[in-house]
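Peer 1: please find the sequence and the predicted model below.
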Amino acid sequence: MTAPQTPNRRADLPFSQACENNQSPILAVLAQAFADRRHVLEIGSGTGQHGVHFAPCLPHLVWQTSDLAANHAAINAWQAAYPAPNLRAPLLLDLTSSDWPDGAFDAVFSANTAHIMAWPLVVRLFAMAGSHLPEGGVLALYGPFNYGGTFTSDSNRAFDAWLRARDPASGIRHFEDIATLAATHGLVLAHDHAMPANNRLLVFRRMAMT
């Protein structure tokens, strides 16, 4: 799959290297994980770079961005520069207080968020997704994770130390904690994809609601 070319750096657009990293391998996974999905909610769209990259490559679905109000200007700027008919302007979504947004979402994508947010907000993300996704709904979560209580690389260890120095409530999460949390909310791990630079893309499916 060939993605449309978006700029690595433009002086007039906000830029996040974390958003730019590994977009091609992420897209390759999402093309499969979202093949039967129609309406994706991106939680924590950041600068908006993911939306403008992925939406044109997944024309069978609607890509809905969302984030804190402070990030909406950046997301709107990227969408104005690189519009797509299936890409939507950001919704206000603050995991500390917002309700699940209106819309028949059957998938959720979130990248580089679980290690930035405090753990209670990670819990709320999974609780909301588990409560509102339909049976068969997909949650795809991208970022670094620890396995067996151990960092997977020296670079992840250093990154975790940097995160916790900046905000003690943040930090690289343990895969086992994430999987247990997901299962608590009816989301079962379908795939654990290795990504470049010691990242993972975890794909969960919503089981039948009882």
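Peer 2: Okay, I see it.
Peer 1: run me through the strand neighbours of the helix or strand containing residue 139, direction for each.
Peer 2: If you go by DSSP states H and E, residue 139 is part of strand 138-143. As defined by DSSP bridges, the strand partners of strand 138-143 come to strand 107-111 (parallel), strand 199-206 (antiparallel).
Peer 1: from these, which stretch is densest packed?
Peer 2: strand 107-111 (a mean of 25; mean count of other CB atoms under 10 Å). All C-beta spots, glycine's among them, are computed from the backbone N, C-alpha and C.
Peer 1: got a list of contacts for the next helix or strand after it?
Peer 2: With elements assigned by DSSP H and E, the helix or strand that comes after strand 107-111 is helix 119-132. The contact list for helix 119-132, computed with CB atoms under 8 Å, 6 or more residues apart in numbering, reads 43, 95-96, 100, 105, 108, 110, 113-114, 117, 137, 139, 169, 173, 178, 181-182, 184-187, 206.
Peer 1: can you pull the contacts of residue 35?
Peer 2: Residue 35 is in contact with residue 60, counting by CB under 8 Å, 6+ apart.
Peer 1: check the secondary structure at residue 156 for me.
Peer 2: Here residue 156 is helix, with the state taken from DSSP: H, G, I helix; E, B strand; the rest coil.
Peer 1: what's the neighbour count on it?
Peer 2: Residue 156 has 19 neighbours, counted by other CB atoms under 10 Å.
Peer 1: got a list of what it touches?
Peer 2: Contact partners of residue 156, counting by CB under 8 Å, 6+ apart, are 144, 146, 172, 198.
Peer 1: how far does stretch 34-53 sit from its chain's centre?
Peer 2: 8 Å (CA atoms, centre = their mean, to the nearest Å).
Peer 1: one step back: which other residues reach the strand holding residue 139?
Peer 2: Residues from elsewhere that reach strand 138-143 (CB under 8 Å, 6+ apart): 26, 29-30, 33-34, 37, 106-115, 126, 129, 133, 172, 178, 182, 187, 190, 195, 199-206.
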